[in-house]
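> sequence and predicted structure are below.
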Amino acid sequence: MKLGVAGIGKMGAAIGARLIEVGHDVSVWNRTPEKARAVAGAKIAANPTELAENSDVVLTILTDAPALNAVYNGSSGLLHAKVAGKLFVDMSTVLPATETALAGAVRAKGAAFVECPVGGSTGPARQGKLIGLMGAEPADAARARPILEQLCRRLEHAGPVGSGSVLKFTINLPLMVYWQALGEALAMARTVAIEPERLMDLLSDTSGAANVLKVRAPGIASMLKGGSAGVTFDVDSAIKDMQSMLAEAKSRGIELPLVERTLGCYQETRQHRSGNAEISTVSVYWAGRNHQ
């Protein structure tokens with residue numbers, strides 16, 4: 001099948017590589033062409049319109065609502081192609097209202113639309129082990145399922161468009177809080193005479209650990225010793241997601257006091273580290289905050 005991927009960041013690159021690996025004919029487009037060229041075996045589209053024209057299904061994974069609007073509705077956007085009968089799958093993490101508006105624009109052109117934000121980072125994306133959270137009409141979800149099952153170990157159809165975004169916030173919220181909680185726990189353990197590798201191994205073996213710690217513990221141990229770790233999800237993206245959670249919660253009359261406080265902690269981390277840093281940098285910063 002001819003698939004297009006628009007948005008070749010870390011996740012988009014991993015998704016494109018996975019789709020090529022399982023046998024699809026993949027074209028890619030990115031605002032900065034050098035990132036698109038990094039997806040070995042993919043054809044490079046000159047612009048989103050060309051990408052849509054040469055694809056049966058287009059997957060988009062973009063930063064925010066303005067980026068989605070530009071890629072779909074811009075002067076050389078996806079919807080400037082003849083797209084009737086094609087399928088669009090948006091995997092971005094944005095507000096539900098953004099997805100419902102996008103679905104309306106796509107359907108007005110005679111195409112189908114599915115939202116499918118995902119849980120997981122670049123490693124699971126490359127291995128086809130993401131968790132997919134679909135919002136779609138049943139027929140559109142059924143059409144997208146064979147492709148998404150090649151990317152996801154678990155695929156949930158949450159309901160109509162907008163439902164997937166709500167579920168994405170739901171699964172991300174405790175994880176955002178966890179990285180901050182881990183940093184505070186590490187601060188408590190600062191006086192314990194145990195090397196970082198042993199401490200992280202111990203923490204990952206307890207009932208208080210998030211599943212992600214089993215994968216990230218070595219990188220955190222390295223950072224605690226002044227080293228570095230690979231970036232799977234960065235601090236800026238986490239801040240953006242929490243801001244979106246708070247906006248959506250406010251629109252529903254829901255209070256999220258832990259998220260509000262956690263967001264402030266992440267913003268402080270960014271001031272002292274970098275927004276491009278691996279998200280678990282939050283834990284490392286807070287572990288040594290009073291000693292820095």
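On my side now, so go ahead.
> ok, longest strand in this structure?
Taking DSSP state E as the criterion, the chain has its longest strand at strand 152-159.
> where along the chain do the strands fall?
2-6, 25-29, 43-44, 57-60, 87-90, 112-115, 118-119, 130-135, 152-159.
> show me what contacts residue 183?
265, 282, 283, 284, 285, 286, 287, 289 (CB atoms under 8 Å, 6 or more residues apart in numbering). Glycine gets a C-beta too; all of them are placed from N, C-alpha and C.
> once you drop chain neighbours, what's closest to it?
Spatial nearest neighbour of residue 183, excluding adjacent residues (CB to CB, 6 or more residues apart in numbering): residue 286 at 2.9 Å.
> that neighbour - how many residues pack around it?
22 (other CB atoms under 10 Å).
> could you identify the longest helix within the protein?
Longest helix of the chain, by residue count under DSSP state H: helix 163-188.
> looking only at pLDDT, what's the mean for it?
Mean per-residue pLDDT for helix 163-188: 97.
> got the angle for it vs strand 130-135?
Using axes from the mean of the first three to the mean of the last three CA atoms, to 10 degrees, the direction of helix 163-188 lies 140 degrees away from that of strand 130-135.
> still on that earlier bit, kindly reformat the strands of the chain as a markdown table containing mean neighbour count.
Converted to a markdown table, these look like this (neighbours: other CB atoms under 10 Å):
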| stretch | mean neighbour count |
| --- | --- |
| strand 2-6 | 26 |
| strand 25-29 | 25 |
| strand 43-44 | 16 |
| strand 57-60 | 25 |
| strand 87-90 | 26 |
| strand 112-115 | 26 |
| strand 118-119 | 22 |
| strand 130-135 | 25 |
| strand 152-159 | 18 |
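> can I get these in TSV with mean pLDDT and distance to residue 99?
Listed next are the strands of the chain as TSV, based on pLDDT from 0 to 100; distance: least, CB to CB, whole Å:
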stretch	mean pLDDT	distance to residue 99
strand 2-6	98	16
strand 25-29	98	20
strand 43-44	96	27
strand 57-60	98	11
strand 87-90	98	7
strand 112-115	98	4
strand 118-119	96	14
strand 130-135	98	6
strand 152-159	97	11
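> nearest to residue 237, of those strands?
Proximity to residue 237, assessed across the strands of the chain by CB to CB, is greatest for strand 118-119 (13.0 Å).
> what lines up beside that closest one in the sheet?
Strand 118-119 sits in its sheet next to strand 130-135 (antiparallel), going by DSSP bridges.
> go ahead and confirm residue 255 touches residue 261.
No: if you go by CB atoms under 8 Å, residue 255 and residue 261 don't touch, sitting 11.8 Å apart.
> list the buried ones in the longest helix of the chain?
Using 16 or more other CB atoms under 10 Å as the test for burial, helix 163-188 gives 163-169, 172-173, 175-183, 186-187.
> ok so, going back, in CSV: the strands of the chain, plus distance to residue 37.
Putting these into CSV (distance: least, CB to CB, whole Å) gives the following:
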stretch, distance to residue 37
strand 2-6, 13
strand 25-29, 9
strand 43-44, 6
strand 57-60, 18
strand 87-90, 23
strand 112-115, 28
strand 118-119, 24
strand 130-135, 24
strand 152-159, 26
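> what number of residues lie near residue 203?
Neighbour count for residue 203, taken as other CB under 10 Å: 17.
> equivalent analysis for residue 272, please.
Count around residue 272 with other CB under 10 Å applied: 10.
> who are the contact partners of residue 202?
Counting by CB under 8 Å, 6+ apart, residue 202 touches residue 194.
> same thing but at 10 Å, please
189, 194, 209, 217 (CB atoms under 10 Å, 6 or more residues apart in numbering).
> shaky segments in the chain?
Low-confidence segments of the chain (pLDDT under 70): 291-292.
> and residue 152, how close does it get to residue 53?
27 Å (CB to CB, to the nearest Å).
> kindly report the same for residue 264.
46 Å.
> okay, the two: which has more neighbours?
Between residue 264 and residue 53, counted using other CB under 10 Å, the more crowded position is residue 53 (17 against 12).
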